[in-house]
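Chemist: kindly generate the corresponding structure for this input.
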Amino acid sequence: MTPDAASRFETDWLTLPDLVEVLGEPLGRVRRLLDEYYLVGSKRDGVLKVPSVFVVDGHPLSSLRGTVFVLHDAGFSDDEAIDWLLTPEDTIGIAPIEALLAGRKSEVRRVARTLA
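Modeler: Residues are numbered from 1 along each chain as shown. As a prediction, this is how the structure comes out:
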């Protein structure tokens, strides 16, 4: 295991059927949430999965979508965006996802804009 992987934010990974259950939405709606970047996932073990930390109280984390757009604008793929969100960021002091969960959206997006 790499040092980065060891220090990454711990999260479970949800498959599409898991998301249908957790979100209480039909599969078509779950796919639309992914297509429109309310959620972002990547292939893990050959299956599309979404970090469970991206779902809060049965809904996609509200600050995730805009942050993903900023990361895409900086040239990040979905995989790279997920990795960045889950890996501690020196300028923030914690993993960006932790800062988003704490309501520090502006700070996270400001740092993300500098990555381009």
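Chemist: so which helix or strand of this protein has the lowest pLDDT on average?
Modeler: With mean pLDDT, DSSP states H and E as the measure, the helix or strand of the chain carrying the lowest mean pLDDT is helix 3-7 (a mean of 54).
Chemist: touching the helix or strand just after that one from outside, list them.
Modeler: Note on helix 3-7: by DSSP states H and E, the next helix or strand toward the C-terminus is strand 13-15. Identification of contacts with strand 13-15 by C-beta atoms under 8 Å, 6 or more residues apart in numbering yields 22, 44, 47-52, 55. C-betas here are computed from N, CA, C, even on glycine.
Chemist: repeat the analysis, applying 7 Å as the threshold.
Modeler: 22, 44, 47, 49-52 (C-beta atoms under 7 Å, 6 or more residues apart in numbering).
Chemist: do stretch 89-101 as well
Modeler: Judged by C-beta under 7 Å, 6+ apart, the contacts made with stretch 89-101 from elsewhere in the structure are 9, 53, 61, 63-64, 67, 84-88, 107-108, 111.
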